[in-house]
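Novice: when you get a sec, could you give me coordinates for this:
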Amino acid sequence: MKRLSLLLCAGLLAACADDAKDVGNPSGKISAPPAAQGATPLWASAPETISPEWGAFFSKKGQGRETPMPAPDDIEGWNAVQAANDEAKEAAADEKAAAFGLTYEESEIAGIPVIEVTPSELASTDKIAVYTHGGAYVLNSAKAVIESAMFFAAETGLRVIAVDYTLAPHSRWQETTDEVISVFKALAKQGFTADDIVLYGDSAGGGLAAGVTLKMRDLGMEMPAALVLWSPWADISETGDTYVTLRDAEPYYTYEHVLGPSALAYADAEDHKNPYVSPVYGNFKQGFPPTLIQGGTKEIFLSNFVRLYQALDQAGQTVKLDIYEGMPHVFVPTLPDTVESQAAIAKVRDWVSEHLLDD
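Specialist: Okay, here's the model as predicted:
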């Protein structure tokens, strides 16, 4: 099957730094040692243990990782950034659909804009996927990053409902999670029970998918049959080992200039550890769907993945942590024909088959 070689920052997401304070360093800030003059920056480092295609990829990335986002309350600034981000991406949607050999349709469910992506060959007519996209909660329309939904549809054979949720700061976490829940309620009226749905998301969309599932459970709703999370931003606070240790190896963004302002646009600081915002803090003993978490060792989100996995596993839930050597944020659809991405998507197909299609 012909595929696009996507380039998803997907979510312009991750987090770096920790909030611990060093002895003799009351600010709590940890400064990286200065790089040697002329040395290759860590984000451009390509270990020999990864495929040649990914080695070439890293030589071109990272140049925009310090581009600052607007202040959290700068509505005009966010409007400008969001419009500029979406314009060129949305224009390529038809070309992407043709490359994948599928169709898409823009519509609404429960008054929420969605895009329905339909593969040429359906694996099932009564099972579907719901997709929540990445972009640090502040970037990307569903159409701008529709290639991720197209890739998932083409590989699994499922019809995908991509939720075009309202971006922050125009919508905060309370409203954003409710928008996704409204889509699930409307799908139930169409005859799709939660057991008929796999929920997947990448980057911020991965964190949103897990947070929404916790909220659905706590509201007494049925939860999706399974979750697939690609590089989930599962903790938007500055907490976790790799926010520091991999800060300079992350090729896409920094917390200071990108993630921090985005996190505050989505949720006030006192809400950053709310489980619906940062699901690593959830109580999973009350139940949670089988969850596949995929990511790479070059992400400052790596601690997010490990901590979410441990929280689920220690609560006795079915969960798989699938980490790949030297891979960056949301690598699976970025270079889909590489050996790493092919191995990962094969596990996604198996997960969907086991927990959705074979039921």
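Novice: tell me where the protein has helices.
Specialist: Applying DSSP state H to the chain gives helices spanning 52-58, 75-91, 93-100, 146-156, 173-189, 204-218, 242-245, 260-266, 302-314, 339-352.
Novice: among those helices, which comes closest to Tyr276?
Specialist: Closest to Tyr276 of the helices of the chain, according to C-beta to C-beta: helix 204-218, at 4.4 Å. Any C-beta I mention is one placed from the backbone N, CA and C, and that applies to glycine too.
Novice: could you give the angle of the closest one to helix 173-189?
Specialist: 70 degrees (axes from the mean of the first three to the mean of the last three C-alpha atoms, to 10 degrees).
Novice: now do the contacts for Ile197.
Specialist: Each residue near Ile197 by C-beta atoms under 8 Å, 6 or more residues apart in numbering is listed here: Lys127, Ile128, Ala129, Val130, Phe184, Leu187, Pro224, Ala225, Leu356.
Novice: show me which of those is closest to Tyr324.
Specialist: Nearest to Tyr324 among the contacts of Ile197: Ala129, at 22.0 Å, using C-beta to C-beta.
Novice: could you count how many residues lie near that closest one?
Specialist: Close neighbours of Ala129, defined as other C-beta atoms under 10 Å, add up to 24.
Novice: could I get the contacting residues of it?
Specialist: Neighbouring residues of Ala129 by C-beta under 8 Å, 6+ apart: Phe152, Ala153, Thr156, Leu158, Arg159, Val160, Ile161, Ile197, Val198, Leu199, Tyr200, Val352.
Novice: so which of those residues wins on neighbours?
Specialist: Leu199 (30 neighbours).
Novice: any idea which of the contacts of Ile197 is closest to Ala92?
Specialist: Nearest to Ala92, judged by C-beta to C-beta, of the contacts of Ile197 is Ala129 at 21.8 Å.
Novice: would you quantify the distance from that closest one to Phe100?
Specialist: 15 Å (C-beta to C-beta, to the nearest Å).
Novice: Trp173 now?
Specialist: Per C-beta to C-beta, Trp173 is found 32 Å from Phe100.
Novice: count the residues that sit near the nearest residue to Lys285 once chain neighbours are set aside.
Specialist: If the residues on either side of it in the chain are set aside, Lys285 comes closest to Ala315, at 4.5 Å by C-beta to C-beta, 6 or more residues apart in numbering. The number of residues packed near Ala315 is 15, by other C-beta under 10 Å.
Novice: isn't Ala315 up against Leu308?
Specialist: No. Using C-beta atoms under 8 Å, Ala315 makes no contact with Leu308, being 11.0 Å away.
Novice: Thr118: what's it in contact with?
Specialist: Applying C-beta under 8 Å, 6+ apart, we find Thr118 in contact with Leu102, Thr103, Tyr104, Glu105, Ala153, Arg159.
Novice: whoops, Met216 was the one
Specialist: Residues in contact with Met216, defined by C-beta under 8 Å, 6+ apart, are Ile181, Phe184, Ala194, Glu222, Met223.
Novice: again, only this time at 6 Å
Specialist: Applying C-beta atoms under 6 Å, 6 or more residues apart in numbering, we find Met216 in contact with Met223.
Novice: state the pLDDT value of it.
Specialist: At Met216, the pLDDT value in this model is 98.
Novice: before we move on, back to that, most neighbours of all the contacts of Ile197, which one?
Specialist: Counting neighbours by other C-beta under 10 Å, Pro224 comes out on top of the contacts of Ile197 with 27 neighbours.
Novice: where in the stretch 51-200 of the chain is pLDDT low?
Specialist: Applying pLDDT under 70 to the stretch 51-200 of the chain flags residues 61-64.
Novice: go with 50
Specialist: For the stretch 51-200 of the chain, applying pLDDT under 50 flags no range at all.
Novice: same question, the stretch 251-359 of the chain
Specialist: Of all residues in the stretch 251-359 of the chain, none has pLDDT under 50.
Novice: cutoff 80 now
Specialist: Within the stretch 251-359 of the chain, the ranges that satisfy pLDDT under 80 run 359.
Novice: what's across from Thr291 in the sheet?
Specialist: Here Thr291 sits in beta bridges with Leu227, Val319, going by DSSP bridges.
Novice: so which of the contacts of Thr118 comes closest to Lys143?
Specialist: Tyr104 (8.4 Å).
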